[in-house]
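>>> how does the following fold in three dimensions:
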Amino acid sequence: MELRPYQVEWKNNIYKAFREGTQNVMGQLATGSGKTVIFSSMIRDGVINKRRCLILAHRGELISQAADKLYKGYGIIAGIIKAGYTPKPHEQVQIASVQTLINRKLAYPVDICIIDEAHHMQSRNSYGKIKQHVLEGNPNCKFLGVTATPCRTNGTGFKGVFDKLICGATVSELIKDGFLVAPKYYVSPLELKGVKISAGDYNLKDLSEFYQRKVPPIVLVDSWRKLADGKKTIGFAIDVQHSKDIVECFNRHNIAAAHIDGTTPDLERKAKIKAFTDGNIKVLYNVGVFDEGFDVPSIEAIQLARPSKSLIKYMQMVGRALRPSLGKPYAIVLDHSGLIAEHDKIEIDREWTLDGVEKKFKNKVVGFRDIRSGKVYKSDKIPVNIPMEYVELVELTLQEIDPSAKLMRDYIVLDRIASNKGYKPFWIWYRLAERVKKIKDPEKLKSELIIIANFFCERKGYKNGKAFYLVKEYIEKNANL
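Model prediction:
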């Protein structure tokens, strides 16, 4: 199995970290970039070098994917530690369910431990306890945690759990190079003020009641018909009943749809996924199943009916549709949940660190333009009555979002200079006023000067009316204005 250049580079950087003495490495690479393929090749390297390898995963789909990649790619048969499977302790590679292994003892040594979807790992949860147990018998074991999203719901990172973070190619780079397809966004404005927050995310009971009043299933059916008709679509719902209600509405309108959740029997789940893959089901809704470990490149659209404050959930959901497939120029994203307004586009550059995540370009955010009028709105100001086919995503600078933000930055710099050099406060006012002196329209110029003067007087604590005199004086003293 030949790796792509960005996969080779990521793998080599991880090896370099291990060679330099790092025992706990976290690797970040985008959803759809082939993390399972890469760590399977690392397992192959380990097998060649007589290393005992353990893969930890928390879902059956992830376990099956890893076993499949190892066998089809390298002929490696892995033992599977999971309820319903016959143990094979003699195999050099073991793939374990976290839920199963937490209740069992490891009876053999482990040299390399790979944790799939490692953003679930904490020092004191099941992952952390298994790691401590592995270390008791294998103090030199190397740990690699792989994920597309190395942060928690609250934005914090994994310092204290891992010692080094190795980031690979970004979503935008993978799109540019043709390894992922670009998303095409359609946004339906949603106001979520008033929904309770629990443990850093929307309270599901409160959210479900609120959302279904605001966005009834027929709205989702209508948007799909208008913007993604006939496309293979994965939908994300708030809870099981919500998902079933949406599916019932699709079916009632003669659109083949199905529902899957964590309690769906395995055979039924596989049958529905096959029907979807074959095109017999057009819309497949789920609750908590397809966020991770669902690899169907032919997915053409995503319908988001599950608001969340979690960047992890958002990126995992949208990432399901970005894998390239024959005849698929882009992936449609139907956002009925305010997720793009909350988290920005998936392909923006983010700076991942062990401390958490930040947007690389902090002075830019996503905005929305009504293409009928050309008017641009901040994410929290867009009118809810604009049809989603008329909402265009645009990139806004800090100045476009909040003109006073740049004014504040300039004021702080000038105030510091004035303080250090002993200048009078009004020196700051004149320097700020210079920003707009080239405006030719007298009325517009006066308006801008009033904004600056009011800002300056408010910062300095001057009485009401002072701003008027500052503007009047400035205009009179500058004959060219």
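>>> going forward, measure contacts and count neighbours with C-alpha atoms only.
Noted.
>>> report how many residues lie close to the spatially closest residue to Gln23 that is not a sequence neighbour.
Spatial nearest neighbour of Gln23, excluding adjacent residues (CA to CA, 6 or more residues apart in numbering): Lys142 at 5.0 Å. Around Lys142 there are 19 other residues, counting by other CA atoms under 10 Å.
>>> likewise for Cys53?
Neighbours around Cys53, by other CA under 10 Å: 24.
>>> again, but for Glu2
10.
>>> ditto for the one 10 residues further on
Counted with other CA under 10 Å, residues neighbouring Asn12 total 13.
>>> so what's the nearest residue to Val287 once chain neighbours are set aside up against?
Once flanking residues are discounted, Val287 sits nearest to Asp261: 5.0 Å by CA to CA, 6+ apart. By CA atoms under 8 Å, 6 or more residues apart in numbering, the contact list for Asp261 reads 240, 286-289.
>>> please state the backbone phi and psi of Asp261?
Note on Asp261: its backbone torsions stand at phi -140, psi -180 [degrees, to the nearest 10].
>>> now it: how far from Lys282?
Noted for Asp261: a distance of 17 Å to Lys282, by CA to CA, to the nearest Å.
>>> picking that back up, correct me, but the residue nearest to Gln23 touches Met26?
No. At 11.1 Å, Lys142 does not count as touching Met26 under the criterion of CA atoms under 8 Å.
>>> quick one: mean pLDDT over the helix or strand hosting Ile14.
Using DSSP states H and E, Ile14 maps to helix 5-19. Mean per-residue pLDDT for helix 5-19: 97.
>>> and it, what does it pack onto?
Using 3 or more CA pairs under 8 Å, 6 or more residues apart in numbering; DSSP states H and E, the elements in contact with helix 5-19 are strand 24-28, helix 35-48, strand 164-167.
>>> least trustworthy helix or strand in the protein by mean pLDDT?
helix 398-401 (a mean of 45; mean pLDDT, DSSP states H and E).
>>> may I have stretch 410-427 as PDB, with CA atoms only?
C-alpha atoms of stretch 410-427 as PDB (Å, rounded to 0.1, in the frame of the first residue of the first chain):
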ATOM      1  CA  ASP A 410      -4.500  52.500  17.000                       C
ATOM      2  CA  TYR A 411      -5.500  54.400  20.200                       C
ATOM      3  CA  ILE A 412      -3.700  52.000  22.400                       C
ATOM      4  CA  VAL A 413      -0.500  52.300  20.400                       C
ATOM      5  CA  LEU A 414      -0.700  56.200  20.300                       C
ATOM      6  CA  ASP A 415      -1.600  56.400  24.000                       C
ATOM      7  CA  ARG A 416       1.500  54.400  24.800                       C
ATOM      8  CA  ILE A 417       3.700  56.700  22.600                       C
ATOM      9  CA  ALA A 418       2.200  59.800  24.200                       C
ATOM     10  CA  SER A 419       2.800  58.500  27.700                       C
ATOM     11  CA  ASN A 420       6.400  57.600  27.000                       C
ATOM     12  CA  LYS A 421       7.300  60.900  25.200                       C
ATOM     13  CA  GLY A 422       5.200  63.200  27.400                       C
ATOM     14  CA  TYR A 423       2.800  64.400  24.700                       C
ATOM     15  CA  LYS A 424      -0.500  65.900  25.600                       C
ATOM     16  CA  PRO A 425      -3.600  63.800  25.200                       C
ATOM     17  CA  PHE A 426      -4.800  65.900  22.200                       C
ATOM     18  CA  TRP A 427      -1.800  64.700  20.200                       C
END
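>>> what's it in contact with?
428, 431-432.
>>> tell me the most packed of those, by neighbour count.
Ile428 (21 neighbours).
>>> tell me the bridge partners for the closest residue to Glu248 other than its chain neighbours.
Nearest non-adjacent residue to Glu248, counting by CA to CA, 6+ apart: Ala257, 7.8 Å away. In this entry, Ala257 is beta-bridged to Val283, by DSSP bridges.
>>> tally of neighbours for Ala257?
24.
>>> next one: Cys457
By other CA under 10 Å, the residues close to Cys457 number 18.
>>> Lys309: what secondary structure?
coil (DSSP: H, G, I helix; E, B strand; the rest coil).
>>> surely it meets Ala199?
No. In terms of CA under 8 Å, Lys309 does not count as a neighbour of Ala199; the distance is 10.4 Å.
>>> neighbour count: the two, which is higher?
Set side by side, Lys309 and Ala199 show more neighbours around Lys309, with 18 against 8, by other CA under 10 Å.
>>> contacts only, for that one.
Residues in contact with Lys309 (CA under 8 Å, 6+ apart) are 153, 200-202, 339, 342-343.
>>> with just CA atoms, put stretch 8-15 into CSV.
The C-alpha trace of stretch 8-15 is given here as CSV (Å, rounded to 0.1, in the frame of the first residue of the first chain):
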residue,chain,number,x,y,z
VAL,A,8,4.9,9.9,4.2
GLU,A,9,5.9,13.3,5.6
TRP,A,10,3.5,13.0,8.6
LYS,A,11,4.6,9.5,9.3
ASN,A,12,8.3,10.4,9.2
ASN,A,13,7.7,13.4,11.5
ILE,A,14,6.1,11.1,14.1
TYR,A,15,9.0,8.7,13.8
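>>> quick one: contacts of it?
Residues contacting stretch 8-15 (CA under 8 Å, 6+ apart): 25, 27, 38-39, 42, 166-168.
>>> now do 10 Å
Under the criterion CA atoms under 10 Å, 6 or more residues apart in numbering, residues 2-3, 5-7, 16, 18-20, 22, 25-29, 35, 38-39, 41-42, 144, 164-169 lie in contact with stretch 8-15.
>>> look up how far Arg320 lies from Ala96.
Taking CA to CA, one finds Ala96 at 24 Å from Arg320.
>>> no no, Leu334
In this view, Leu334 and Arg320 are 13 Å apart by CA to CA.
>>> tell me, what's touching those two both at once?
301-302.
>>> what domains does the record give for this protein?
5-169, 174-394, 403-477 (automatic domain parsing).
>>> quick one: end-to-end distance for the second one.
Put plainly, it is domain 174-394. 21 Å.
>>> what comes into contact with the host helix or strand of His133?
Assessed by DSSP H and E, His133 sits inside helix 126-137. Outside helix 126-137, the residues that touch it by CA under 10 Å, 6+ apart are 54, 56-58, 98-99, 101-111, 113, 115, 118, 120-125, 138-143, 161.
>>> now render the contacts of stretch 410-427 as JSON lines, adding secondary structure.
As requested, the contacts of stretch 410-427 are exported to JSON lines (three-state DSSP):
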{"residue": "Ile428", "secondary structure": "helix"}
{"residue": "Arg431", "secondary structure": "helix"}
{"residue": "Leu432", "secondary structure": "helix"}
